[in-house]
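Asks: here's my sequence, what's the structure:
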Amino acid sequence: MPGLSLVAGRLPLGEAALFFGFPGNGESFRVDRVEMDFDSTNRLMELAPRNLAVQGDLRYKSVHDSFSGPDLDDEVREAAGSLYGYLERLLNAKSYDGLWEEFEPDDVRKALDKLTLALKKNFPQSGKTVHDIRGGTVFGLLGGGREFLYECVSLSELRMVAAEEMKFLRGLFPHLDPQKSHEEESQISVHSVDAVLRAWKNRTVLKDGRQVKVEAESLFDGNISCRCVETSALERVLVNLTNNACRYSHGDAVELVILKASESVTRWCLLNSISESQKKWLSDKLAHNGLVLFQAGMTSEGQGLGLDSCADVIAQVFGYPMKAEMIKKGYLGVKVWDDTFCSWFHWPIYHKQPNDESCVCSLKQ
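Replies: Residues are numbered from 1 along each chain as shown. The predicted model follows:
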């Protein structure tokens, strides 16, 4: 059976297309940038069972690793506030020239390093949280410097990923904006998959000095969260898996594909091409949906914390205290087909109620 190919080639979805009511006559059809070949695969739909259980009403309602309360160290408070302040100025910038009058990209790096050191000093067990803060898309792009930003990233895109990071930081550090943090946890505010696509389609990621584009498509048309804090948790998983895909991609693009696995859950798949040496390294690590790769420290590069952090979030969502059992059952995992690496996770569908309001932020603030 032919392998999966990305962006410039074909991304076969076979049975997935039939599942969504598309014709299954062995031909192919195109949805924007993604071409789906019915003959080559039902692989994405066969990654895991479709009937994965949601353990009650366990939507993600609060940040599982937040730093809050009166005992929060002043050093951490101040460092988080300084970093948040830079992002706030970025969010309000009208032009790059105006932004550089406020600060230089390196100023943000220094603020990020200061928060990193403060957290490691005062919260030695915060390694995964620190990893996820530093992995924010906005920090990678700012790390490219002025010239890269002028040439490769629009200010609107930079502002969007800054807003994404600010929402994440508010969840981790509620003192940054107590009122907004409370609203994002408590108010019903429905987010659609379209909002995610707007934020991720053609996103630029700068990883290890290399620019990679994210191509994103969905065969699901519905809602994926009912609170801003839940959407931020979903974004946290996406950022980690996307960073992983971009770091190891053998090409200049990675693919995000969103599917409806059942009436209860969606399936999110990140695909990237890999080299022969990467395939060799992975060859004995793929049993039980790649369980060993979700253990902290298991990596050929980097820190090996991103996949483990993803598992923490998905365990919260689906109510699984034992992450290993959850991975074995296919709630998230990894697989290799030929020259393609696929990581996936599931997220509950939200069925909008009559009095629910849609979020006006569209993931931008």
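
Asks: tell me the contacts of Phe168?
Replies: In this structure, Phe168 makes contact with 132-133, 136, 232, 235-236, judged by CB atoms under 8 Å, 6 or more residues apart in numbering. For glycine as for every other residue, the C-beta is placed from the backbone atoms N, C-alpha and C.

Asks: helices - which of those residues land there?
Replies: In this view, the contacts of Phe168 that belong to helices under DSSP state H are 132-133, 232, 235-236.

Asks: let me know the closest of the contacts of Phe168 to Ala162.
Replies: Gly136 (8.8 Å; CB to CB).

Asks: quick check, pLDDT for the nearest residue to the closest one once chain neighbours are set aside.
Replies: Leaving aside its chain neighbours, Gly136 sits nearest to Glu165 (4.3 Å; criterion: CB to CB, 6 or more residues apart in numbering). As predicted, Glu165 sits at a pLDDT of 98.

Asks: Glu165 and Glu151, how far apart?
Replies: Plainly put, Glu165 is 22 Å away from Glu151 if you go by CB to CB, to the nearest Å.

Asks: okay, the contacts of Phe168 in a markdown table with pLDDT, distance to Lys323 and neighbour count next?
Replies: Converted to a markdown table, the contacts of Phe168 look like this (pLDDT from 0 to 100; distance: CB to CB, whole Å; neighbours: other CB atoms under 10 Å):
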| residue | pLDDT | distance to Lys323 | neighbour count |
| --- | --- | --- | --- |
| Asp132 | 97 | 16 | 24 |
| Ile133 | 98 | 21 | 21 |
| Gly136 | 97 | 24 | 24 |
| Ser232 | 96 | 21 | 25 |
| Glu235 | 97 | 20 | 23 |
| Arg236 | 98 | 16 | 25 |
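
Asks: just these now: which is nearest Met160?
Replies: In terms of CB to CB, no member of the contacts of Phe168 lies closer to Met160 than Glu235, at 11.2 Å.

Asks: now do the same contact list for that closest one.
Replies: Glu235 sits in contact with 164, 167-168, 196, 199, 363, where contact means CB under 8 Å, 6+ apart.

Asks: following the helix or strand hosting Ala162, which helix or strand shows up next?
Replies: Ala162 belongs to helix 155-172 when assigned by DSSP states H and E. For helix 155-172, the succeeding helix or strand toward the C-terminus, using DSSP H and E, is helix 178-186.

Asks: which strands and helices sit next to that following helix?
Replies: Contacts defined by 3 or more CB pairs under 8 Å, 6 or more residues apart in numbering; DSSP states H and E place helix 178-186 against helix 155-172, helix 228-248.

Asks: report the two of the contacts of Glu235 separated the most.
Replies: Pairwise distances across the contacts of Glu235 (CB to CB) peak at 14.7 Å, for the pair Phe168 and Val196.

Asks: relative to Ser358, how far out is Lys352?
Replies: On the measure of CB to CB, Lys352 and Ser358 end up 8 Å apart.

Asks: need the residue closest to the centroid of the protein.
Replies: In the chain, the residue lying closest to the centroid (CA atoms, centre = their mean) is Leu238, at 1.2 Å.

Asks: surely that residue meets Ile258?
Replies: No: taking CB atoms under 8 Å as the definition, Leu238 is not a contact partner of Ile258, at 10.2 Å.

Asks: who's in contact with the closest residue to Lys167 other than its chain neighbours?
Replies: Closest residue to Lys167 apart from its sequence neighbours, by CB to CB, 6+ apart: Ser232 at 4.8 Å. If you count contacts by CB under 8 Å, 6+ apart, Ser232 has them with 63, 164, 167-168, 171, 184.

Asks: how far off centre is the helix holding Ala162?
Replies: Relative to the centre of its chain, helix 155-172 is centred 13 Å away, using CA atoms, centre = their mean, to the nearest Å.

Asks: can you list the buried residues in it?
Replies: Applying a neighbour-count criterion of 16 or more other CB atoms under 10 Å, one finds 155, 157-172 buried in helix 155-172.

Asks: tell me, what's touching Leu238 and Ile258 both at once?
Replies: 196, 268.

Asks: need the contact list for Tyr350.
Replies: With contact set as CB under 8 Å, 6+ apart, Tyr350 has these partners: 59, 190, 222-226.

Asks: list buried residues within these.
Replies: By neighbour count, with 16+ other CB under 10 Å, the contacts of Tyr350 hold 59, 190, 223-226 as buried.

Asks: now do the end-to-end distance for stretch 88-104.
Replies: Terminal residues of stretch 88-104 are spaced 14 Å apart (CA to CA, to the nearest Å).
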